[in-house]
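Q: Got a predicted structure here, sequence first:
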Amino acid sequence: MNRPLLRRLLTPLLSLVLLLGLGLGLSGCVTTGLPLAATSPWQPVPLATSSNPLAVAFTDANHGFLVGSNRLIMETEDGGASWQERALDLPAEENFRLLSIDFKDQEGWIVGQPGLLLHSSDRGQTWTRLLLDTKLPGEPYLVTALGPKQAELATSVGAVYRSSDSGDSWQALVSDAAGAVRDLRRSDDGRYVSVSGLGNFFASWQPGQANWQLHPRVSSQRLQSMGFQPDGGLWMLARGAQLRFSADAADQDSWSKPVIPITNGFGYLDMAWDPNGAIWTGGGSGTLLSSPDGGKSWQRDPVGAEQATNFSRIAFSADGKGFVLGERGCLLRWVG
């Protein structure tokens, strides 16, 4: 058989093999491999907005606020079952991204970008804009209400400040900044953990330390976000849909082997523990997973899977309320 004829016979066969291989490869990228839970403890909450909710906080069991992109602020009087839009007295030409909100009794705080700090002393009925020093390192990123007239403010470069006079003055708690951060969290006992802007290392700080402590990432996968477990240890989410848990709460460089519950081409953005002790993690394209046994086994949540959104934050409060925040006005409420 001559070579031109052989080439004509082999070409269709090679094309078929290539198409089959490509099809198998693509199907491998989207295989979930996890069971779908029969029921869900989450309930979708309709919001009259297409903005992205980014943070939620309550003044009591029923009254709270939701803030987000495009100056979004909404209020609830029924524990989060329904929300109504509110307006802030801010210049109409300024489009703020409200990143963090927190309350302690009557006092509330909101921070946003660019350069926004708001304070309320009447459960959020009125808000006063406080001027920030033009030399403030970075942009406001996270605020924590601590008590009467007291709050802590962390910025997008890891500068941490405290005020004891309703925000009239601020004292630096850290002598140097951590650098541009991708993610920044605070524990109930005042410790912080941050992920660098490029995701190539993380940093930790606790009260009394003069500087941030830098830590290398555990693997070649870049870090996405980090936070605190209920026992005080750390959790870590990395690219490639990897989850890790600190093996020893006192050793921030001791980590478990990577856990990869699902491979569907989408990463995880947040993690939290529900009132029953189950772990929840969420991320791109409606990915919402739970583990009842400390991360050993996982299942997909059916309500989350129906949402055409990316889940950016999962928040539970001490009194048992819980919310999953997604893009384009998506909100899920914990109903247990």
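A: Received, thanks.
Q: right, and Leu198 touches Arg222 too?
A: Yes - counting by C-beta atoms under 8 Å, Arg222 is a contact partner of Leu198 at 6.9 Å. Where you see a C-beta, it was placed from the backbone N, CA and C, and this is true even at glycine.
Q: Looking at these two, which has the bigger crowd around it?
A: Higher neighbour count among Leu198 and Arg222: Arg222, with 16 against 11, using other C-beta atoms under 10 Å.
Q: check contacts around the closest residue to Ala272 other than its chain neighbours.
A: Using C-beta to C-beta, 6 or more residues apart in numbering and skipping the chain neighbours, the partner closest in space to Ala272 is Ile314 (4.0 Å). Going by C-beta atoms under 8 Å, 6 or more residues apart in numbering, Ile314 touches Asp270, Met271, Ala272, Trp280, Thr281, Gly282, Gly322, Phe323, Val324, Leu325.
Q: 10 Å instead?
A: 227, 269-274, 279-282, 288, 322-325, 332, 334 (C-beta atoms under 10 Å, 6 or more residues apart in numbering).
Q: what do you get for Asp89?
A: Per C-beta under 10 Å, 6+ apart, neighbours of Asp89: Leu118, Thr126, Trp127, Thr128, Arg129.
Q: and Leu90, that's in a strand?
A: No - counting by DSSP: H, G, I helix; E, B strand; the rest coil, Leu90 falls outside a strand, being coil.
Q: any idea how far Gly320 is from it?
A: 33 Å (C-beta to C-beta, to the nearest Å).
Q: Looking at these two, which is more packed in?
A: Shown here are Leu90 and Gly320; by other C-beta under 10 Å, Leu90 has more neighbours (16 against 13).
Q: Poorly predicted segments of this structure, please.
A: Scanning the chain for pLDDT under 70 picks out the ranges 1-32, 263-265.
Q: what about the helices in it?
A: For the chain, the helices defined by DSSP state H occupy 3-30, 302-305.
Q: Can you list the neighbours in contact with the shortest one?
A: Counting by C-beta under 10 Å, 6+ apart, the neighbours of helix 302-305 from elsewhere in the structure are 32, 36-44, 280, 282, 285-290, 311, 324, 326, 330, 332, 335.
Q: Among the residues you listed, name the buried ones.
A: Buried by 16 or more other C-beta atoms under 10 Å: 37, 40-42, 44, 280, 282, 286-290, 311, 324, 326, 330, 332, out of the contacts of helix 302-305.
Q: Narrow the residues you listed to those in strands?
A: Among those, DSSP state E puts Trp42, Pro44, Trp280, Gly282, Leu288, Leu289, Ser290, Phe311, Val324, Gly326, Leu332 in strands.
Q: Closest one of the residues you listed to Leu243?
A: Leu289 (9.5 Å; C-beta to C-beta).
Q: sorry, back to before: tell me the one of the contacts of Asp89 nearest Arg300?
A: Once C-beta to C-beta is applied, the member of the contacts of Asp89 that ends up nearest Arg300 is Leu118, at 38.1 Å.
Q: Let's have the ones in strands among the buried ones among the contacts of helix 302-305 in TSV, adding distance to Ile260.
A: Listed next are those as TSV, based on distance: C-beta to C-beta, whole Å:
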residue	distance to Ile260
Trp42	23
Pro44	28
Trp280	16
Gly282	15
Leu288	16
Leu289	11
Ser290	16
Phe311	18
Val324	21
Gly326	22
Leu332	24
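Q: picking up where we left off before, which ChimeraX command selects the buried ones in the contacts of Asp89?
A: Listed next is the ChimeraX selection for buried residues among the contacts of Asp89, using 16+ other C-beta under 10 Å:
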select :118,127
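Q: Quick check: the farthest pair among the contacts of Asp89?
A: Thr126 and Arg129 (11.1 Å).
Q: Show me the common contact partners of these two, please.
A: Asp89, Leu118, His119.
Q: mind checking how far the second one is from Leu153?
A: So that's Leu118. Counting by C-beta to C-beta - Leu118 and Leu153 are separated by 12 Å.
Q: List the residues that are in contact with both of the two.
A: Shared contacts of Leu118 and Leu153, counting by C-beta under 10 Å, 6+ apart, come down to Trp109, Val111, Pro140, Val143, Gly167.
Q: Just give the nearest non-adjacent residue to the last one, would you?
A: Of all residues not flanking Gly167 in the chain, Leu130 sits nearest, at 4.4 Å (C-beta to C-beta, 6+ apart).
Q: give me every residue that touches that neighbour.
A: Trp109, Val111, Leu116, Leu117, Leu118, His119, Ser163, Ser166, Gly167, Asp168, Trp170.
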